Every structure is written in structure tokens, then in C-alpha cells.
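Student: pasted the sequence and its predicted model underneath.
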Amino acid sequence: MRQLSDEELLVAVAAGPGALDEFYRRHVAKITGMGVRRFNRAEDVADFVASVFLEVLKSASGFDARRGNAVSWLFGVAGNVAAAMHRDRFRQADVEQRVSGRALLDADDYQRVEQRIDAAAEVRRVYAAIRQLSDADRRVLELSGVDGLKAADIAAALGINQIAVRVRLARARQRLRAQLATNTGSHSATPVRAREKALNTSGGN
């Protein structure tokens, strides 16, 4: 039996929730990775993962394969969820009650997530500086420097063309370097050069 593509799975999810389990299985590791780069508590990562796949279930009908592949669309959804969680932290309790996100991770999963959180500490420091920039700068830098997406995938996630992505990245990186330099005064133990590693991982340059 032919395995459905990610794009076909999203179409199936839009028709009914039965296909969500397979889509979740394929992509939960990617979304957990996004979570540990953005949050410093395993509980927050679990809430993030649960909220992303709840949003997938609600929004799958809006997926358009002509605008990009399913993974790029998923990263766009996850970016919106992360922004909402940071902007409205009081909503987390409601999300826990409705989705019970922590149940998605068992005891062994929590230990692995805690280890990944520790390993991603430097990326989160860069992410903290990114959070001080404008929304437009933040979104393009998150997808490029934090999540490692290429320009084509960033363009699909944001609904813009690749040229616009490269222009936004160049300008956003300049502003981030300035922000990192400003933050160095309060975090002098970590050189700015080390914090800039996340800027050089992708972006289609």
C-alpha cells in the first residue's frame, strides 16, 4: 500500500481527525526541537507541542500545496503558536486543561527533553535577543537562525518570495548583531561571536 505524502496527509486531516496520528508521528520530533529552542521548561515544550498539533487539526483545511510543502506550512503554524504563547502566557493554563499537552510526553520523554533544553541553552540566548526585535525580524530570524530552514522553506512559511527573504534576513541580522552587542553588557560571560553561531546556519546565503 502506497504511503501518503505529508501533503496528502494534511488533506486527509482536513477531512477528519483520523490522519492526525500519522502526521503527528512523522513530525513531532521537529516540533519538539522548535520547542526546546524557545522554552526553558519541559512543561512549556509539552504545551507548545500539543498546541501546534491542535492548530494543525483546526487549520489543515487552509493548507495550499501550491504555496509550499507541508513541512514549511507546519513551521509557519508552529511559529504562530510560539508567538502567541510568549505574548499571552496566561492562556497556557487553558491550553493544558483542553489539550492536556503534558500527557503527550512520558517520564523518559521528559528526561530527554530536559537534556535537549540544556543543550539548546545558547540558542535560547540568541532567541531571547531575537524576541527584542520587531515581529518581521523575529519571524525570519527564528525560521533561519533558530530552526535552520533554507530560504525557499522560509518563503513558503511566511508567504513571501525568496528574494524578500534574503533582504529581510540581511537587515534583520544587522539589527540582531546590534541587539546582541547591547545585551553583552549583562551577559559578558558569553562572547557575542558565540551567540552569532545561529545566524550562520541557514538562510540560503
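Tutor: Yep, that arrived.
Student: ok, and for the top helix by length along the chain, which residues are buried?
Tutor: Ranked by number of residues, the top helix in the chain under DSSP state H is helix 162-183. Going by neighbour count (16 or more other C-beta atoms under 10 Å), the buried part of helix 162-183 is 165-166, 168-169, 172-173, 175-176, 179-180, 183. C-betas here are computed from N, CA, C, even on glycine.
Student: pLDDT on that helix, on average?
Tutor: For helix 162-183, mean pLDDT rounds to 88.
Student: keeping just the C-alphas, turn it into CSV.
Tutor: What follows is helix 162-183, C-alpha atoms only, in CSV (Å, rounded to 0.1, in the frame of the first residue of the first chain):
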residue,chain,number,x,y,z
GLN,A,162,12.9,34.1,-1.7
ILE,A,163,14.4,37.5,-2.7
ALA,A,164,12.3,39.2,0.0
VAL,A,165,13.5,36.5,2.5
ARG,A,166,17.2,37.3,1.7
VAL,A,167,16.6,41.0,2.0
ARG,A,168,14.8,40.6,5.3
LEU,A,169,17.5,38.3,6.7
ALA,A,170,20.3,40.6,5.8
ARG,A,171,18.6,43.6,7.5
ALA,A,172,17.4,41.5,10.5
ARG,A,173,20.9,40.0,11.1
GLN,A,174,22.4,43.5,11.3
ARG,A,175,19.8,44.5,13.9
LEU,A,176,20.3,41.3,15.8
ARG,A,177,24.1,41.8,16.0
ALA,A,178,23.4,45.3,17.4
GLN,A,179,21.0,43.8,19.9
LEU,A,180,23.5,41.1,20.9
ALA,A,181,26.2,43.7,21.4
THR,A,182,23.8,45.7,23.7
ASN,A,183,23.0,42.5,25.7
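Student: which other helices and strands does it contact?
Tutor: helix 121-130, helix 135-141, helix 151-158, helix 192-195 (3 or more C-beta pairs under 8 Å, 6 or more residues apart in numbering; DSSP states H and E).
Student: distance to Ala120 added to the buried residues of helix 162-183, as CSV?
Tutor: CSV is the format used below for the buried residues of helix 162-183 (distance: C-beta to C-beta, whole Å):
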residue, distance to Ala120
Val165, 24
Arg166, 26
Arg168, 24
Leu169, 21
Ala172, 21
Arg173, 20
Arg175, 23
Leu176, 18
Gln179, 19
Leu180, 17
Asn183, 18
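Student: how about Val81, phi and psi?
Tutor: phi -60, psi -40 (degrees, to the nearest 10).
Student: so how far is Thr32 from it?
Tutor: 13 Å (C-beta to C-beta, to the nearest Å).
Student: secondary structure element for the residue lying closest to Gly35 once chain neighbours are set aside?
Tutor: Of all residues not flanking Gly35 in the chain, Val45 sits nearest, at 3.7 Å (C-beta to C-beta, 6 or more residues apart in numbering). Taking DSSP states H and E as the criterion, Val45 maps to helix 42-59.
Student: now that helix: how far from the chain's centre is it?
Tutor: 11 Å (C-alpha atoms, centre = their mean, to the nearest Å).
Student: who are the packing partners of that helix?
Tutor: Against helix 42-59 (3+ C-beta pairs under 8 Å, 6+ apart) you get helix 6-15, helix 20-36, helix 70-87, helix 91-99, helix 107-119.
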